[in-house]
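A.B. asks: structure, please.
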Amino acid sequence: MQRMHPPIALTIAGSDSGGGAGIQADLKTFQTRGVHGLSVITAITSQNTHGVSAVHAVPLTHIRSQLAVLFDDFPIAAVKIGMLGSAAITRLVAHEMAARKPTWLVVDPVMIATSGARLLDEDALEALTEELIPLADLLTPNLPEAEALLGHPIKTATQFDAAGEALLMLGAGAVLLKGGHAKGNEVVDRYYDARGVLELRHPRLPLEGHGTGCTLASAIAAELACGRSPRSAVRRAVAYVHRALQRGYRPGGGAAHVLRH
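C.D. replies: Residues are numbered from 1 along each chain as shown. All right, here's what the predicted structure looks like:
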């Protein structure tokens, strides 16, 4: 008798040699959320708890090859996209997603690492906004990423909601605007879709997290792959990341805490 296998999710992202973010965090998240994880690596970083010291982009032919063999073999229920690095890679991935039409597509617009290292070339922003984001079922920017996408600062609650609506106008089905970079004793994330706004609040933890954005987008993709509705997937994923960060630890000499997935 054939056993039922878990749902399958794919992450398209960069590799974090320090194990706290990127592909490594995504696959750990998929495993703990009950899905089988596949990966397409777009870039290899030299990275530890102090920061990113080097980035090597994977050749386009190999990224295309990875995508081809995975989509040809696996029933992929959801795709999470993280670090792409360049305009060429962004266009390639957008073209493949348009052709493959995954059931769920979660785009985390990774641009700048916590350490300040730039993870997306400036000339890739146009490809991201015009070609990839319109394909997304959910876009998950933090405040600096949202500011880069919109071209203006976001400081007040009124600007926060205006930004959410403006990001929806880029074409994604829904937007989760993350509030971790804002000030205050609480972290307030806001989810925007055609039904309106869903606000998610939790206490701000007194530590420097690493890999939270990667983990959150992957957890949402995993929940979608398991059949959750987008709003339910977001609620469950935000709660999961908060718990994992509460139990976070410092594996290296830097201040960065990685999540206990």
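A.B. asks: lowest-confidence helix or strand of this structure?
C.D. replies: Sorted by mean pLDDT, DSSP states H and E, the helices and strands of the chain end with strand 208-210, the least confident at a mean of 83.
A.B. asks: below-threshold pLDDT in the stretch 151-261 of the chain: ranges please.
C.D. replies: 180-182, 184 (pLDDT under 70).
A.B. asks: pull the host helix or strand of A146 out as CSV, backbone CA atoms only.
C.D. replies: Assigned by DSSP states H and E, A146 belongs to helix 143-150. What follows is helix 143-150, C-alpha atoms only, in CSV (Å, rounded to 0.1, in the frame of the first residue of the first chain):
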residue,chain,number,x,y,z
LEU,A,143,9.6,48.4,6.3
PRO,A,144,12.9,49.1,4.6
GLU,A,145,11.9,46.8,1.7
ALA,A,146,8.5,48.5,1.4
GLU,A,147,10.2,51.9,1.4
ALA,A,148,12.5,50.8,-1.4
LEU,A,149,9.6,49.4,-3.5
LEU,A,150,7.5,52.5,-3.1
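A.B. asks: after that helix, next one along is what?
C.D. replies: From helix 143-150 onward toward the C-terminus, using DSSP H and E, the following helix or strand is helix 157-168.
A.B. asks: go through the helix holding A146 and flag the buried ones.
C.D. replies: Across helix 143-150, burial judged by 16 or more other C-beta atoms under 10 Å covers 143, 145-150. The way it works is simple: take the backbone N, C-alpha and C, and place the C-beta from them, glycine included.
A.B. asks: show residues contacting the least confident helix or strand of the chain.
C.D. replies: With contact meaning C-beta atoms under 8 Å, 6 or more residues apart in numbering, strand 208-210 is reached by 18, 20-21, 49, 114, 180, 245, 248, 255-259.
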